[in-house]
Each structure stands twice: as structure tokens, then as C-alpha cells.
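> predicted model and sequence follow; I will ask about them next.
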Amino acid sequence: MMLPNADFEYVRKLVRDRSAIVLDDGKTYLVESRLGPILQREGFASLTELVAALRSAPYHDLHRRVVEALTTNETSFFRDMPTFDALNLHVFPDLIQRRSVDRQINLWCAASSSGQEPYSIAMILRENFPILSTWVVRHIASDLNMDVLSKAKDGVFSQLEVNRGLPAPLLVKYFKKRGVDWQISDDIRRMIHFSHVNLAADWPQFPPMDVVFMRNVLIYFDVATKRSILGKIRRILRPGGYLVLGSAETTLNIDDKFERVAFPRVPFYRVKKT
Ligand SMILES: C[S@@+](CC[C@H](N)C(=O)[O-])C[C@H]1O[C@@H](n2cnc3c(N)ncnc32)[C@H](O)[C@@H]1O
């Protein structure tokens, strides 16, 4: 299904305006393959017909679905294990010590995709930090893509998904079989509040955050958007709070008010003390 250049440009601008995701020149194949299922579902004969329908109407559900189809939702349980080792060994022990007076911790998983990331964090908290069950732990997980967000809320994962990174003892302890799939326990599910947040638009009012997980999403944005998002994170982080990025991401040369925390092999950052 070939995509004429003018149609590619239209989709590229739509996606950029609505999500900040940058589609490089060579991404025509991606647009063609991701929009294929929408063509079929909506009964359009070609991508040009779909783009004509988008052009002729104000922004509505079809536009939203096109934008969301161009998000990449790759994720897995305990993705980049050293990050979770650092949470276990350094970050949560440090927060438990520093927050022991008001006994509140706020966490935000800012591009949580289908939920494996926030559920991995929630299982760590349950397993290794039982003291927190008497604290107020607000754990917000959000994404732009409504489909993955809804899957995350359901907490139902395929065999293939639980095979990717989830240790067997945690599968046995926190999941039960649902048909051929696995359902995460209500206890873990209730620890997380899922909501729709577009990082490229206005953010809702968040409580001051102890940890912001923004892993593997900044890579899709241009430098100006990354800079603006990092600035907003600085404003919602509590003093001493942590920003966690993906292993291919950095604040370096984008926002010099962050400094890297010296944990081995993991991209954790804090706002520099002034
Ligand atoms: C590659 S996944 C990363 C998932 C998870 N953080 C991880 O590291 O495994 C990137 C996620 O970012 C989301 N995303 C892309 N643009 C976004 C935006 N403007 N606002 C919020 N989420 C966005 C996508 O929908 C996708 O689920």
C-alpha cells in the first residue's frame, strides 16, 4: 500500500502536532504498515482515501487512532534489570529513610505502555518493602495511547508477555490464570492509578514526585520537546527526587540542571543542588 509524499507529510504533521513524535523521512514504511489495520477496520480502499477523510474533518476519533497507531509500545516486565536493582538497593531504601516523617511516596510512570513497567515496580514494593503497606504510596501510570492504557488497567497478559522478564516466583505469587492469559492480582492492580496524559500537552496537577519514570519515550521527540518536558519534570520533582530514563536516553546537553546519580550502569538523575 503506497503512501504518496503529500499524504506522508500530512500524517507526519498530525502525529507531530498531537504527540510530539518525530517521524523521520525514511518512516514511510512505518506509516504504511501501522495504518493498514485502520484502513481495513474502517473500510477505506487506500491510505490516500484515509488521509482525505482526515483532511476533510476536524480532529476527531479517527485522527486520534491514527496518531496512536504511530506510537511504539514496546515494553516488558523488569525491562533493563539494573534499573530495578538500583530501585531495590538504593532508591527505595533512600526514600524510606528520607520520607519517614510524613510516610508518603509519590511515583509516576510517565509512558507506561501496557503496564509491565508500573506492575514491575509495584511487585518490587510489595515483595521487598513491606513497611510501605502502612504508608501512603501514590503510584500514577499514564500513556498517550488509549488502547495500551486500557490493557494496562485490565492487567491481563499473554503467556508470551509474562515469559518476557517476569521471574517465575512472581508469576506464581501475583498472577492467576484467565483462559490462556494471566491476570495480575487485584492487590497489585489497585496500587496503581492509570490515567491518560499526553506529555506534549498540558499536564494535570500532580503531587510533588519522589520518582518519575520516563523510560524509552524521550527518544521519539526532538530536542526542544525533550528540553521542555525535562523542565516540567524538574518543577514536579521533590527535592532529592529521582528521574529515571531509558538506557539510551540522557539529560546531558539538553538540561544541565540535572545531574547523573552515581549508581552503576543505570540512567538515574537528580536536580542539581543550587
Ligand atoms: C517504547 S514505550 C516505553 C514503555 C515503558 N516506559 C518501557 O520503557 O518499557 C513508549 C510509550 O510512550 C508512549 N508515548 C509516546 N508519545 C507520548 C506522548 N506524547 N505522551 C505520552 N506517552 C507517549 C507510547 O504510547 C508508548 O506506550
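Good, I have the coordinates.
> next SSE after the one helix or strand Ile38 maps to?
Applying DSSP states H and E as the criterion places Ile38 in helix 28-42. Per DSSP H and E, the first helix or strand lying C-terminal to helix 28-42 is helix 47-55.
> what helices or strands is the helix holding Ile38 leaning on?
In terms of contacts (3 or more CB pairs under 8 Å, 6 or more residues apart in numbering; DSSP states H and E), helix 28-42 is packed against helix 5-19, helix 47-55, helix 61-69. C-beta coordinates here come from the backbone N, C-alpha and C atoms, glycine included.
> contact partners of stretch 11-27?
The contact list for stretch 11-27, computed with CB atoms under 8 Å, 6 or more residues apart in numbering, reads 3, 30-31, 35, 51, 54, 59, 63-64, 66-67, 70-71, 144, 198-200, 220-222, 225.
> my bad, stretch 124-139
84, 87-88, 92, 96, 99, 103-109, 118, 121-122, 170, 174, 187-188, 191-193, 207.
> what about 6 Å?
Asn88, Phe92, Arg103, Gln104, Ile105, Asn106, Leu107, Met191, Ile192 (CB atoms under 6 Å, 6 or more residues apart in numbering).
> sorry, back to before: need the helices and strands packed on helix 28-42 in a markdown table with mean neighbour count and mean pLDDT, can you?
Output for the helices and strands packed on helix 28-42, formatted as a markdown table (neighbours: other CB atoms under 10 Å; pLDDT from 0 to 100):
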| stretch | mean neighbour count | mean pLDDT |
| --- | --- | --- |
| helix 5-19 | 17 | 96 |
| helix 47-55 | 17 | 96 |
| helix 61-69 | 17 | 97 |
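> ok, back up a step: what's the average pLDDT for the helix holding Ile38?
Here helix 28-42 scores 94 as its mean pLDDT.
> how about stretch 183-197?
98.
> now that stretch: buried residues?
The neighbour-count check on stretch 183-197 (16 or more other CB atoms under 10 Å) flags Gln183, Ile184, Ser185, Ile188, Arg189, Met191, Ile192, Phe194, Val197 as buried.
> again with stretch 120-131
For stretch 120-131, burial by neighbour count (16+ other CB under 10 Å) applies to Ser120, Ile121, Ala122, Met123, Ile124, Leu125, Arg126, Phe129.
> which of the residues you listed sits closest to Leu160?
Ser120 (16.5 Å; CB to CB).
> what helix or strand does that closest one sit in?
Per DSSP H and E: Ser120 is located in helix 116-128.
> circling back to that earlier point, show the buried residues in the contacts of stretch 11-27.
Buried residues within those, counting neighbours by 16+ other CB under 10 Å: 3, 31, 35, 51, 54, 63-64, 66-67, 70-71, 144, 199-200, 220-221, 225.
> and these near the ligand, which?
Counting by CB under 6 Å from any ligand atom, Thr71, Leu144, Leu199, Ala200, Tyr220 from the buried ones among the contacts of stretch 11-27 sit close to the ligand.
> make TSV out of these and add secondary structure.
Putting these into TSV (DSSP: H, G, I helix; E, B strand; the rest coil) gives the following:
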residue	secondary structure
Thr71	coil
Leu144	coil
Leu199	coil
Ala200	coil
Tyr220	helix
